[in-house]
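Engineer: below are the sequence and a predicted model for it; my questions follow.
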Amino acid sequence: MTAERTGRRVQETLDRLDRIGGDGAAQQAGEQLVRDLMDFYHDGLARIVGALPAPALAALLDDPAVAALLVLHDLHPEDTTARIHRALAALPGTVETAGFDPATGTARLRRTGGGCGCSEEDIEAQLACHAPEVTTLVFESAPRLLQIGTRPGEPAEAAR
């Protein structure tokens, strides 16, 4: 189950509790339960992360589920830009970042090379696990190479 799907299910459950309780007490209790569980998991994960040797932790950072948990609990050792690069490196094809604006959550991306073997949905899913701060994707065109040839109107042989 992805972190995004889990988040939706938790919210759906809290909404259901709100409809059942009527006065909001059930939803408040549900929200408190979620907060308490998050605190419990944070403490346990912080101990695990602290006990792991650096190479073992580094190997786990490529796993989308582990990355999502560490980000959710503010325990991921990498900053947002590094996590965006990690997420893009895991995709088939070549996608690179052209910048990230933390104020708007906008990541500017560029497809390079022979194209990308992944869809925008694949890119969004990968970034949702590794860098949920990214809320908007903007795709830029890769820079085109300048073609140098003969002058306009000049035959190719005359240019030699």
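Structural biologist: Looks like it arrived, so ask away.

Engineer: for residue 111, give me phi and psi.
Structural biologist: Note on residue 111: backbone dihedrals following degrees, to the nearest 10 are phi -80, psi 130.

Engineer: roughly how far apart are residue 27 and residue 39?
Structural biologist: For residue 27, the distance to residue 39 equals 19 Å [Cβ to Cβ, to the nearest Å]. All C-beta atoms are positioned from the backbone trio N, CA, C, and that covers glycine.

Engineer: and these two? which has more neighbours close in?
Structural biologist: A side-by-side neighbour count of residue 27 and residue 39, using other Cβ atoms under 10 Å, places residue 27 first with 19 against 11.

Engineer: ok, the more buried one - contacts?
Structural biologist: For residue 27, the contact set (Cβ atoms under 8 Å, 6 or more residues apart in numbering) comprises 14, 15, 17, 18, 21.

Engineer: for the second one, what are its contacts?
Structural biologist: For residue 15, the set of contacting residues under the criterion of Cβ under 8 Å, 6+ apart consists of residue 27.

Engineer: where along this structure do the strands fall?
Structural biologist: 95-101, 106-111, 136-140 (DSSP state E).

Engineer: could you look over those strands and pick the most buried one?
Structural biologist: Of all the strands of the chain, strand 106-111 has the most neighbours on average by mean count of other Cβ atoms under 10 Å, namely a mean of 18.

Engineer: name the residues that touch it?
Structural biologist: So strand 106-111 is in contact with 84, 88, 93-101, 123, 127, 131, 134-142, going by Cβ under 8 Å, 6+ apart.

Engineer: per-residue pLDDT, the most centrally placed residue in the chain?
Structural biologist: In the chain, the centroid-proximal residue (Cα atoms, centre = their mean) is residue 127; its distance is 1.8 Å. Confidence at residue 127, expressed as pLDDT, is 90.
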